[in-house]
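J.: predicted structure and sequence below. I'll ask about it afterward.
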Amino acid sequence: MSRVYNFSAGPAVLPEEVLQEAADEMLDYRGTGMSVMEMSHRSKAYDTIIKEAEADLRDLMKIPDNYKVLFLQGGASQQFAMIPMNLMKNGVADYIVTGQWAKKAYQEASIYGKANKVASSEDETFSYIPDCSDLPVSEDADYVYICENNTIYGTKFKSLPNTKGKTLVADVSSCFLSEPVDVSKYGVIYGGVQKNIGPAGVVIVIIREDLITEDVFPGTPTMLRYKTHADNGSLYNTPPAYGIYICGKVFKWLKKRGGLEAMKEYNEKKAKILYDFLDESKLFRGTVRKEDRSLMNVPFVTGDADLDTKFVKEAKEAGFENLKGHRSVGGMRASIYNAMPIEGVEKLVGFMRKFEAENA
Ligand SMILES: *Cc1c(COP(=O)(O)O)cnc(C)c1O
């Protein structure tokens, strides 16, 4: 067996220990004589799996009691619709557009009501986070929406926007569990898990209870109402059961490693190795304003598209996978999520130094 260093933006690297444990339990989950994949979601064994997953997530994020944790399907993109369908009581919401994912959410919301773009960084290819200290927040806005970490562009909100008292909704897909968060500052925190937590197919929604009501956009399908899932403990229908099981294992892995404070420290140390190199390199440079840099997604370029292609090719041959940047930015992107070991980043930087010397 040989495993590569996988820098994919998502689906992405998972902890090897978790994969190994899942492999060990594949044919016979703890004496049940079956795989979790084959198990009823109403069984005793599965009930323990989903309840423990929720309890561990609550523990990790210190989620207050007046928030529900929902394990849903449809990916983060399904939430682009579910959020306005469920939360736009006045039919108005304000969006801060800092990348493709925020833009998609904004466009989707305008199907269901009046979505206002109150700030954007599109003028400079989303390479920064706009000043959000005094936004023209709409009087009747039902919520203010952000994408907290921009997976494609590699920017991150270092402080939350001033929503002037309005409910904050955040897509945290690519920074989920990478550092501590104060859940009470948000109305909704959600993310697809395939970036930092588990297999694609699960989206986790953490939502304040008072936002879950029956007053939803007319025609909202039962499956797209938060209330349906909140009332049924995420078991209204068959949930993405195996995916939730893997997420649960990752939560336990995070707890064993010291929780989110420890992860933050580790992630900062990891990202610093790469950013410090980019800042001193004569060949490579980061594409994002320094103060807005993400700890999770690090885009960089040489400035020469052919050299970028050569780098990605040679890196792959050396065991560094998925370094090609998103098509809208070009160049390279290293996603260094929780499960990327520090050695992976050290070795990548070593390889970049060598490439720089050879191509000076
Ligand atoms: C990947 C990603 C999405 C889309 O996730 P899907 O699960 O594919 O719908 C949305 N937002 C962010 C920030 C992402 O990184």
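T.: Right, received. Where do you want to start?
J.: report the contact partners of Asn338.
T.: With contact set as C-beta atoms under 8 Å, 6 or more residues apart in numbering, Asn338 has these partners: 15, 177-178, 196, 254, 263, 266-267. Using the backbone N, CA and C atoms, a C-beta is placed for each residue, glycine as well.
J.: for it, give its distance to the ligand.
T.: Per C-beta to the nearest ligand atom, to the nearest Å, Asn338 is found 14 Å from the ligand.
J.: number the chain from 491, please
T.: Yep, numbering from 491; the last one is Asn828 now.
J.: so what's the backbone phi/psi at that residue?
T.: phi -40, psi -40 (degrees, to the nearest 10).
J.: now Met822
T.: Per-residue torsions, Met822: phi -120, psi 160 (degrees, to the nearest 10).
J.: give me the number of residues near it?
T.: Per other C-beta atoms under 10 Å, the neighbour tally for Met822 reads 25.
J.: for it, give the beta-bridge partners.
T.: As for beta bridges, Met822 partners with Phe790, Lys814 under DSSP bridges.
J.: and the residue of this protein nearest the ligand?
T.: Ranked by C-beta to the nearest ligand atom, the top residue of the chain for proximity to the ligand is Gly565, at 2.6 Å.
J.: can you dump the C-alpha atoms of the strand or helix carrying Asn757 in CSV for me?
T.: Assigned by DSSP states H and E, Asn757 belongs to helix 749-770. Extracted in CSV, the C-alpha atoms of helix 749-770 (Å, rounded to 0.1, in the frame of the first residue of the first chain):
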residue,chain,number,x,y,z
GLY,A,749,-10.0,19.5,20.2
LEU,A,750,-10.3,22.7,18.2
GLU,A,751,-7.8,24.8,20.1
ALA,A,752,-5.1,22.2,19.4
MET,A,753,-6.2,22.0,15.8
LYS,A,754,-5.9,25.7,15.4
GLU,A,755,-2.4,25.7,16.7
TYR,A,756,-1.5,22.8,14.4
ASN,A,757,-3.1,24.4,11.4
GLU,A,758,-1.4,27.7,12.0
LYS,A,759,2.0,26.0,12.3
LYS,A,760,1.3,24.1,9.1
ALA,A,761,0.1,27.0,7.1
LYS,A,762,3.0,29.2,8.3
ILE,A,763,5.6,26.8,6.8
LEU,A,764,4.0,27.2,3.4
TYR,A,765,3.3,30.9,3.6
ASP,A,766,6.7,31.8,4.9
PHE,A,767,8.2,29.9,2.0
LEU,A,768,5.9,31.7,-0.5
ASP,A,769,7.0,35.1,1.0
GLU,A,770,10.7,34.4,0.6
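J.: I'd like to know which of the contacts of Asn828 are buried.
T.: Buried subset of the contacts of Asn828 (neighbour count, 16 or more other C-beta atoms under 10 Å): 505, 667-668, 686, 744, 753, 756-757.
J.: ok, Pro554 touching Asp672?
T.: No. Pro554 is beyond contact range of Asp672, at 9.7 Å (criterion: C-beta atoms under 8 Å).
J.: what does the stretch 491-640 of the chain put close to the ligand?
T.: With C-beta under 6 Å from any ligand atom as the criterion, the stretch 491-640 of the chain meets the ligand at residues 500, 565-567, 591, 637.
J.: how about the residues you listed in JSON lines, adding secondary structure, pLDDT and neighbour count?
T.: Compiled in JSON lines, those are given as follows (DSSP: H, G, I helix; E, B strand; the rest coil; pLDDT from 0 to 100; neighbours: other C-beta atoms under 10 Å):
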{"residue": "Gly500", "secondary structure": "coil", "pLDDT": "95", "neighbour count": "19"}
{"residue": "Gly565", "secondary structure": "helix", "pLDDT": "95", "neighbour count": "17"}
{"residue": "Ala566", "secondary structure": "helix", "pLDDT": "97", "neighbour count": "25"}
{"residue": "Ser567", "secondary structure": "helix", "pLDDT": "98", "neighbour count": "16"}
{"residue": "Trp591", "secondary structure": "helix", "pLDDT": "98", "neighbour count": "22"}
{"residue": "Cys637", "secondary structure": "strand", "pLDDT": "98", "neighbour count": "32"}
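J.: quick one, which of Pro554 and Asp672 is more surrounded?
T.: Using other C-beta under 10 Å as the criterion, Pro554 and Asp672 rank with Pro554 on top: 13 against 10.
J.: which SSE is that one in?
T.: Of the helices and strands defined by DSSP H and E, none includes Pro554.
J.: roughly how far does it sit from Glu542?
T.: Note on Pro554: its distance to Glu542, by C-beta to C-beta, to the nearest Å, is 19 Å.
J.: avg pLDDT for the one helix or strand Val802 maps to?
T.: Assigned by DSSP H and E, Val802 falls within helix 795-807. Helix 795-807 comes out with an average pLDDT of 97.
J.: and that helix, what's buried?
T.: For helix 795-807, by 16+ other C-beta under 10 Å, it's 797-798, 801-802, 805.
J.: tell me the secondary structure at Asp518.
T.: Following DSSP: H, G, I helix; E, B strand; the rest coil, Asp518 is assigned to coil.
J.: give the contact list for it.
T.: Neighbouring residues of Asp518 by C-beta under 8 Å, 6+ apart: 524-525.
J.: burial measure for the residue lying closest to Asp769 once chain neighbours are set aside, as a count.
T.: Nearest-residue entry for Asp769: Gly776, 7.5 Å, with adjacent residues in sequence omitted and distances by C-beta to C-beta, 6 or more residues apart in numbering. Gly776 is flanked by 20 other residues according to other C-beta under 10 Å.
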